[in-house]
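Engineer: Everything below, folded, please.
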Amino acid sequence: MIRRGRFARWKGNEYEISSRNRQIYLTTTDAADLDNGFSPIGGSHLSFVRPVDMRELDDAYEIVPYAILKGHRFAIEGADSRTGLVKLVTHNPFAAKKVAVLPYGSDAYMIELPLSDIVVEEDRIPILGFENRLA
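Structural biologist: The predicted structure is shown next:
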């Protein structure tokens, strides 16, 4: 699974987060979280949301997935669930000399590979005031 976006830890569990009008919302697809104060989103029985105060969060961060091919870092731009292919993109012209990439836009290079052929890694960037916390 390729994770991308904003996440938070709340009461020992990880949730995707969103915000609207300065309010933070935890989101989940686990119906068991209804017991933790989550409510269905728009009457849906598939997604659930819970407003929280930032002070309630244990941690908050943005996850940016990437892969390393032949020593060069490639951003993971997307995945096609039908084909199982993952689109990897780089702006590094030296990577084009080592990896069979295609031109992508005016100054980027792209390659599509099966998810099974790459190791997905993640940068975890602190957000929402957790940037200055000591590890």
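Engineer: any idea whether Glu14 is helix, strand or coil?
Structural biologist: Put simply, Glu14 is strand when judged by DSSP: H, G, I helix; E, B strand; the rest coil.
Engineer: Excluding chain neighbours, give the residue nearest to it in space.
Structural biologist: Spatially, and ignoring its direct neighbours in sequence, Glu14 is nearest to Phe7 (5.6 Å; C-beta to C-beta, 6 or more residues apart in numbering). For glycine as for every other residue, the C-beta is placed from the backbone atoms N, C-alpha and C.
Engineer: Which strand residues bridge the one you found?
Structural biologist: Listed by DSSP bridges, the beta-bridge partners for Phe7 are Glu16, Tyr61.
Engineer: That one: neighbouring residues, count only.
Structural biologist: Phe7: 19 surrounding residues under other C-beta atoms under 10 Å.
Engineer: Correct me if wrong: it contacts Asn13.
Structural biologist: No. In this structure Phe7 lies outside contact range of Asn13 using C-beta atoms under 8 Å: 10.4 Å.
Engineer: Counting by contacts, list what the helix or strand of the chain with the lowest mean pLDDT packs against.
Structural biologist: Least confident element among the helices and strands of the chain, by mean pLDDT, DSSP states H and E: helix 95-98 (a mean of 89). Applying 3 or more C-beta pairs under 8 Å, 6 or more residues apart in numbering; DSSP states H and E, one finds that helix 95-98 contacts strand 72-80.
Engineer: strands paired with the next helix or strand after the strand it packs on, and their directions?
Structural biologist: Per DSSP states H and E, the first helix or strand lying C-terminal to strand 72-80 is strand 85-90. Strand 85-90 sits in its sheet next to strand 72-80 (antiparallel), strand 108-114 (antiparallel), going by DSSP bridges.
Engineer: Can you list the neighbours in contact with the shortest one?
Structural biologist: When contacts are taken as C-beta atoms under 8 Å, 6 or more residues apart in numbering, the neighbours of strand 108-114 outside the stretch itself are 69, 74, 77, 84-93, 95-96, 99-104.
Engineer: And the buried ones among those residues, selectable in ChimeraX?
Structural biologist: Remark: buried members of those, expressed as a ChimeraX selection using 16 or more other C-beta atoms under 10 Å:
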select :69,74,85,86,87,88,89,90,95,96,99,101,104
